[in-house]
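Chemist: okay, here's the prediction I keep looking at, along with the sequence it came from:
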Amino acid sequence: MAWTISRRFLFGLSSSASILGSCYWGRTIYADEASAPSGEVSKKRTDPLVDHEWMASGIGGWKGVKITWYDYASLPNKNDRFASLAFRAVSMNHGSNWVYSVLSEGLRGWETSVFIYNALISTTSVVLTSFIEKYTTPLGDPAKMHPSAELKSDVPSEGYDNSIKKAFRDVDHGIVNQAQQMIFSSPLQALNTIQLSAAVQGTTAMLSFYDDESRILKIANTGDGRAVVGRPSRREDGTLYIEVHVLTTEHTSANPVEQARLLNSHPDTDIGILQKYIGRDITRAFGLSMCKWSQEVQKRMHKEYFCEPPLSNLYVQSDRDSVADGDLRPYLTAEPEITTFHVQSDDFLIMANKGLWNSLTSEEAVGLVGAWVRRKNYSLQSPIPDPTDEHIIDREILPVDLPDESEDTTIWYKRWKLPKRFICVDNIASAHLVRNALGGANIAFTEGLLKVPHPFSANNRDEIAVSVTFFE
C-alpha cells in the first residue's frame, strides 16, 4: 500500500537520527543529550531547531516485533525539562510481544515526571505479567530460563484494564504514601528533600500498551494528554485519505464526565483552589501530595519539613486503613481512563502532551504525519537545510477531513496572529510535528520564537513532547 513505510528505510534512519537514543531489548530507551553548538557562525539562516536544547530520535527494525518504527521529540520552554518519554518492548513466553510507551509531563516541577519515566512501564509490566500467567499453560521444561507457554483461554479485556489501573495506583501510592512514610522515618534531611520533591510535585501520564499478536492497543490516560490514531483509507471516489481516531479525553474541569464525577464525590470542593495551587486545570494526576494527604500530615510536613501551608476545603482520604461510609477519597486521582482499539496494518499512533494540542488539532497532526509519509521523509538522513516552496504544505491539502475553522480550539497560532501554513523538512515524524506546532512554514517567526529566553519563553509557547508509533 502507498502508505506502508519500508522497514529497510526506517532501519537505516535509526542509525542517522539527529540525536540517537539507546535501545536494548526489554529495556527503556534513554536519549543522549544534544551536543553543544560548534560556535561557527553561518552566513545562511540556520534551522531554528538545530542549536536549541531538545531531543529527537527514532528506533526501528526489531526482529519479530510488529512495530515498524517509533520516534519521539521533546522541546522544553523553560530551563528544566518537565516532560519525559519512555519506550519498552518485551517478548512474552506465550508468543506475542508487548510494547509499551509512556509520555509524562511534570506539574510544578520535573521530579515526579522522572519518577514515572523510571517506574510506570516496569510496574505495569510486572502487574500484567502476573495477570496473564493465570491464562497460560507452560510448554516443555518449566525449569528453563525462558519457558514457552500458550494461552489456554480467551483473556478478558477488563482484566488487562484492571491490571493497568492497579499499576497506576501502585505507582501513585509509592509517590504519595510511601514517600510520606520514608520522610517521617528517616533522620537524613537530604533523603527527605529528595522524597518530598517528588511527592509534592506532580505529573500527568499516558501509557500505551500494544499486544502485537492480537493487535490490541490500550491507551491509559491520566491528565490532559491526548492519543490519536491515523488510519489510511479510501473515499468512495478512490482517493486516499487518513481517518482520525481520538482515543482519549482530557481530564479537566471542562470535561462533562469529570464534572459529574467530581460533583458526585466532592460536591463542596472548589476546583479553583486546585487550579490556583497547581497552576493548571487538571482533575487527574500522579503526585501532588498536598492535594491527597490528610490535614494532619500536611500540617506536620509544613511544620517539620518546610512544606507549603495545608490546603483547606479539600476532602482527603482518612488516615485510617479502613474508611467509614461517607468518607471521601482525594479530589485528585491517578487512576486512568482506558480506551481499547484494534490496530490495522499501516495505522500510526500519535501521543502528545497538551503543548502540541494547543497548537495543532487532532486532524492537523494526523494529516501532517500522513504528508510526512507521502513525501517519504523517513528516507532522509537529516532535516532538509534549505527548504523551498515545494516543502510548504497548506492546511487545506492535508490528507484528512478537516473540521470547519470555527471548531478550531487551539490557541497559539491565533495568539501569534499567524496563518496555519506547514512545512515538511524533517526526517523524524515527531520532530516534524514539533516544528509545525511552533510556526511551521513561518520559518523566521519560529527562529525568533526559540530565541526568546526563559522565563519569557514560557509566556510565548508551551513545552512540547510527542511520540509517533507506526504499526506493521
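Modeler: Cool, got the structure.
Chemist: what's the helix or strand containing residue 120 packed up against?
Modeler: Using DSSP states H and E, residue 120 falls within helix 111-132. Contacts of helix 111-132 with other secondary structure elements, assessed using 3 or more C-beta pairs under 8 Å, 6 or more residues apart in numbering; DSSP states H and E, are made with strand 83-91, strand 97-107, helix 157-173, helix 189-200, strand 202-211, strand 286-287. Bear in mind the C-beta positions are built from the backbone N, C-alpha and C, glycine included.
Chemist: partner strands of the first one and their direction?
Modeler: It stands for strand 83-91. Looking at strand 83-91 with DSSP bridges, its partner strands are strand 97-107 (antiparallel).
Chemist: then the shortest one?
Modeler: In its sheet, strand 286-287 lies beside strand 202-211 (antiparallel), with partners assigned from DSSP bridges.
Chemist: so the strand it pairs with versus helix 111-132, what angle?
Modeler: Relative orientation of strand 202-211 and helix 111-132, computed by axes from the mean of the first three to the mean of the last three C-alpha atoms, to 10 degrees: 30 degrees.
Chemist: so which of the helices and strands packed on helix 111-132 is the most surrounded?
Modeler: strand 286-287 (a mean of 31; mean count of other C-beta atoms under 10 Å).
Chemist: ok, residue 381 to residue 228 distance?
Modeler: Going from residue 381 to residue 228 by C-beta to C-beta, to the nearest Å gives 28 Å.
Chemist: mind checking which of the two has more residues around it?
Modeler: Regarding residue 381 and residue 228, a neighbour count based on other C-beta atoms under 10 Å identifies residue 228 as having more, with 22 against 11.
Chemist: which SSE is the more buried one in?
Modeler: With DSSP H and E as criterion, residue 228 is part of strand 226-234.
Chemist: alpha carbons of that strand, as CSV, please.
Modeler: Taking Å, rounded to 0.1, in the frame of the first residue of the first chain, the C-alpha atoms of strand 226-234 are listed here in CSV:
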residue,chain,number,x,y,z
ARG,A,226,-4.1,13.1,24.0
ALA,A,227,-3.6,10.0,21.9
VAL,A,228,-4.8,9.9,18.3
VAL,A,229,-4.6,7.1,15.7
GLY,A,230,-4.3,7.7,12.0
ARG,A,231,-5.7,5.0,9.7
PRO,A,232,-5.1,5.2,5.9
SER,A,233,-8.3,4.6,4.0
ARG,A,234,-10.0,5.4,0.7
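Chemist: in the helix or strand following it, what's buried?
Modeler: Using DSSP H and E, the helix or strand that directly follows strand 226-234 along the chain is strand 240-246. Buried residues in strand 240-246, counted by 16 or more other C-beta atoms under 10 Å: 241-242, 244-245.
Chemist: re the thing from before, packing partners for the strand holding residue 228?
Modeler: strand 216-222, strand 240-246, strand 348-352, helix 354-357, helix 362-374.
Chemist: count the neighbours of residue 252 for me.
Modeler: Applying other C-beta under 10 Å, we find 18 residues neighbouring residue 252.
Chemist: just checking, residue 76 touches residue 105?
Modeler: No. Look at residue 76 against residue 105 with C-beta atoms under 8 Å: they stay out of range, at 10.5 Å.
Chemist: where's residue 453 relative to residue 110, distance?
Modeler: Applying C-beta to C-beta, the value for residue 453 to residue 110 is 19 Å.
Chemist: so if I had to pick from these two, which one is more boxed in?
Modeler: Neighbours per residue, other C-beta under 10 Å: of residue 453 and residue 110, the larger number sits with residue 110, 23 against 7.
Chemist: can you name the residues that contact that one?
Modeler: When contacts are counted by C-beta atoms under 8 Å, 6 or more residues apart in numbering, residue 110 is found next to 80-82, 201.
Chemist: again, but for residue 391
Modeler: Going by C-beta under 8 Å, 6+ apart, residue 391 touches 384, 423-425.
Chemist: how near is it to residue 187?
Modeler: Distance of residue 391 to residue 187, given as C-beta to C-beta: 61 Å.
Chemist: which parts of the helix holding residue 120 are buried?
Modeler: Judged by neighbour count (16+ other C-beta under 10 Å), helix 111-132 contains these buried residues: 111-117, 119-125, 127-128, 131-132.
Chemist: residue 57 is in contact with residue 71, isn't it?
Modeler: Yes. Between residue 57 and residue 71 a contact is recorded at 6.5 Å, counting by C-beta under 8 Å.
Chemist: looking at those two, which is more packed in?
Modeler: residue 71 (29 against 24).
Chemist: sec struct for that one, please.
Modeler: Three-state secondary structure (criterion: DSSP: H, G, I helix; E, B strand; the rest coil) places residue 71 in strand.
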